[in-house]
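Undergrad: Need a 3D model of the sequence below.
(chains A and B)
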There are 2 protein chains.
Amino acid sequence: MSDQGILVVVSGFSGAGKGTLMRALLEKYHNYALSVSATTRQPREGETDGKDYFFVSQEKFKQMIEEEQLIEYAQYVNHYYGTPKEYVLRQMAEGKDVILEIEIQGALAIKRQFSNALLLFVLPPSAQELKRRLVGRGTESLDVIEARLRRAFDEAEGMDSYDYILVNDDVDACVEDMHELIKAQHLRVCHNLDFIEQIREELKHV
Amino acid sequence: MSDQGILVVVSGFSGAGKGTLMRALLEKYHNYALSVSATTRQPREGETDGKDYFFVSQEKFKQMIEEEQLIEYAQYVNHYYGTPKEYVLRQMAEGKDVILEIEIQGALAIKRQFSNALLLFVLPPSAQELKRRLVGRGTESLDVIEARLRRAFDEAEGMDSYDYILVNDDVDACVEDMHELIKAQHLRVCHNLDFIEQIREELKHV
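TA: Residues are numbered from 1 along each chain as shown, chains lettered A, B, ... in the order given. Below is the predicted model:
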């Protein structure tokens, strides 16, 4: 079996609970590495460079694009966000399953470059529950919530491009599902071509 | 989530332990139904009609082919073997995951008709171990064993068409892997299009 790690993309509606899921997954299992994005935006209170983001200048970011140091990148509200390639490849080579929490455009860019990547989409059990959670946060105005729900509707359009959905009804159960899906990915034929070739070679001489 | 069962094809080298695996899986979990093949060969000692096989005449078998009652069929040594469609579809509709233990040609025929079917290939941990198991049975001559090993080599060619490999080193662990792979398949986007559509509809009105 291959010792190489898997590349896992996690997307999902805002309010579906991705953040909570990832924290719970990484706390419970230690074969995962969370990719750290590079960004040109300023650090917020409490954010650490190299942990929450790699904070870089516009100039540095453009250089990273030119030197193909990013697997994917996108621009939101005048700021760039991207996934540094070197960290991801190194972690995978060390056998870690690397998780990228990115949006659909980035997810599709990943799939084009890494056809064996696993694309997961996290959903709330229902639209009602999504709204309830967004309202329950109490941090956002109704306008913002409405905008997020409209955006969720748009995002739902791209769900067909993902491999699996994860319904986040109960966090623990959802973490287990995510872990099992990633474990299963290691058994994919495309991840075991070396092993298959080895068995074929052995069969010639056995 | 969909209540529809999954169609699972299990293939693998002779001597990889498929039979033992299936028995252990069906004993441990009760959401599975094993497809029963139709055949024109005579029942052997201890075989029961409707359990081991549906034993039918050549004439009846040809009629089943004509009336498209078989999902796939093949001929070996003057006898026909095939998978009756009605049983498979009914079990799936009842929410059972239906397992077909068939060879690669049949597996590919299934995949063409049921693009969402899950194709599993069971392997021994090594070619040496495969030979050891075949010899260990003590029921076959060296000639037969050599023929089986050559056939395994040919079958290995088609492994790329499968979704996952299962390495049968320890039966209990392999049964768990198989169960998890089938559970995971229920989370595939393609199995949840109705649920996704439902969420999209809800998002319009929430």
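Undergrad: which parts of chain A sit against chain B?
TA: Neighbours of chain B within chain A, by C-beta under 8 Å from any C-beta of the partner chain: A:1, A:121, A:123, A:126-128, A:130-131, A:149, A:152-153, A:156-157, A:159-160, A:162-167, A:177, A:180-181, A:183-184, A:187-189, A:192-193, A:195-196, A:199-200, A:202-206. To be clear about C-beta, it is placed using only N, CA and C from the backbone, and glycine gets the same treatment.
Undergrad: And A:Ile71, its phi and psi?
TA: Main-chain dihedrals, A:Ile71, degrees, to the nearest 10: phi -70, psi -40.
Undergrad: Count the neighbours of it for me.
TA: A total of 23 residues lie near A:Ile71 under the criterion other C-beta atoms under 10 Å in any protein chain shown.
Undergrad: what does A:Gly5 give?
TA: Neighbour count for A:Gly5, taken as other C-beta under 10 Å: 23.
Undergrad: Could you list the low-confidence segments of chain A?
TA: Scanning chain A for pLDDT under 70 picks out A:1-2.
Undergrad: hang on, the earlier thing: selecting buried members of the residues of chain A next to chain B in ChimeraX, what would you type?
TA: Entered in ChimeraX, the line below selects the buried ones among the residues of chain A next to chain B, by 16 or more other C-beta atoms under 10 Å in any protein chain shown:
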select /A:121,123,126,127,130,131,149,152,153,156,159,162,163,164,165,166,167,177,180,181,183,184,187,188,189,192,195,196,199,200,202,203,206
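Undergrad: Give me the subset of the residues of chain A next to chain B lying in helices.
TA: Those of the residues of chain A next to chain B mapping onto helices are A:127-128, A:130-131, A:149, A:152-153, A:156, A:177, A:180-181, A:183-184, A:193, A:195-196, A:199-200, A:202-205, per DSSP state H.
Undergrad: ok, and the closest non-adjacent residue to A:Asp172?
TA: A:Ala24 (7.3 Å; C-beta to C-beta, 6 or more residues apart in numbering or on different chains).
Undergrad: repeat for A:Tyr164
TA: Setting aside the residues directly before and after it, A:Tyr164 is nearest to B:Leu187 in space (C-beta to C-beta, 6+ apart), at 4.5 Å.
Undergrad: what's the answer for A:Ala107, then?
TA: In space, and not counting its chain neighbours, A:Ala107 is closest to A:Val9: 4.7 Å by C-beta to C-beta, 6+ apart.
Undergrad: Could you check how far A:Gln128 is from B:Pro84?
TA: Distance of A:Gln128 to B:Pro84, given as C-beta to C-beta, to the nearest Å: 43 Å.
Undergrad: Likewise for A:Leu142?
TA: A:Leu142 sits 57 Å away from B:Pro84, going by C-beta to C-beta.
Undergrad: The two: which has the busier surroundings?
TA: Taking neighbours as other C-beta under 10 Å, A:Leu142 and B:Pro84 compare with B:Pro84 leading, 18 against 9.
Undergrad: count of neighbours near the spatially closest residue to that one that is not a sequence neighbour?
TA: Of all residues not flanking B:Pro84 in the chain, B:Ala38 sits nearest, at 5.5 Å (C-beta to C-beta, 6+ apart). By other C-beta under 10 Å, 20 other residues sit near B:Ala38.
Undergrad: Over to A:Glu140?
TA: The number of residues packed near A:Glu140 is 15, by other C-beta under 10 Å.
Undergrad: which SS class is it?
TA: Put simply, A:Glu140 is coil when judged by DSSP: H, G, I helix; E, B strand; the rest coil.
Undergrad: Please apply the same query to A:Val8.
TA: Secondary structure, three-state DSSP: A:Val8 is strand.
Undergrad: and the gap between it and B:Val206?
TA: Remark: distance between A:Val8 and B:Val206 (C-beta to C-beta) = 29 Å.
Undergrad: and if you look at A:Ala156?
TA: Counting by C-beta to C-beta, the gap from A:Ala156 to B:Val206 is 12 Å.
Undergrad: And stretch A:112-119, what's buried?
TA: Across stretch A:112-119, burial judged by 16+ other C-beta under 10 Å covers A:114, A:117-119.
Undergrad: Could you dump these into TSV and include distance to B:Val98 and secondary structure?
TA: Below are the buried residues of stretch A:112-119 laid out as TSV (distance: C-beta to C-beta, whole Å; DSSP: H, G, I helix; E, B strand; the rest coil):
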residue	distance to B:Val98	secondary structure
A:Phe114	33	coil
A:Ala117	30	coil
A:Leu118	25	strand
A:Leu119	27	strand
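Undergrad: Looking at those residues, which is nearest chain B?
TA: Nearest to chain B, judged by C-beta to the nearest C-beta, of those is A:Leu119 at 8.7 Å.
Undergrad: is it true that the closest one touches A:Lys111?
TA: Yes: counting by C-beta atoms under 8 Å, A:Leu119 does reach A:Lys111; the two are 6.2 Å apart.
Undergrad: shared neighbours of these two, which are they?
TA: Shared contacts of A:Leu119 and A:Lys111, defined by C-beta atoms under 8 Å, 6 or more residues apart in numbering or on different chains, comprise A:9, A:161.
Undergrad: can you tell me the helix or strand for A:Leu100?
TA: strand A:97-101 (DSSP states H and E).
Undergrad: now what about that strand, what contacts it?
TA: Under C-beta under 8 Å, 6+ apart, the answer for strand A:97-101 is A:5-11, A:18-19, A:22, A:25, A:31-35, A:83, A:88, A:91-92, A:106, A:110, A:182.
Undergrad: Show me those that map onto helices.
TA: Mapping those onto helices (DSSP H) picks out A:18-19, A:22, A:25, A:88, A:91-92, A:106, A:110, A:182.
Undergrad: which of those residues are the two that sit furthest away from each other?
TA: A:Gly19 and A:Met92 (22.8 Å; C-beta to C-beta).
Undergrad: How many residues are close by A:Gly95?
TA: Around A:Gly95 there are 13 other residues, counting by other C-beta under 10 Å.
Undergrad: A:Asp163 is in contact with A:Leu119, isn't it?
TA: Yes: the criterion here is C-beta under 8 Å, and A:Asp163 meets it with A:Leu119 at 4.8 Å.
Undergrad: measure A:Gln63 to A:Val56 for me?
TA: Here A:Gln63 is placed at a distance of 9 Å from A:Val56 (C-beta to C-beta).
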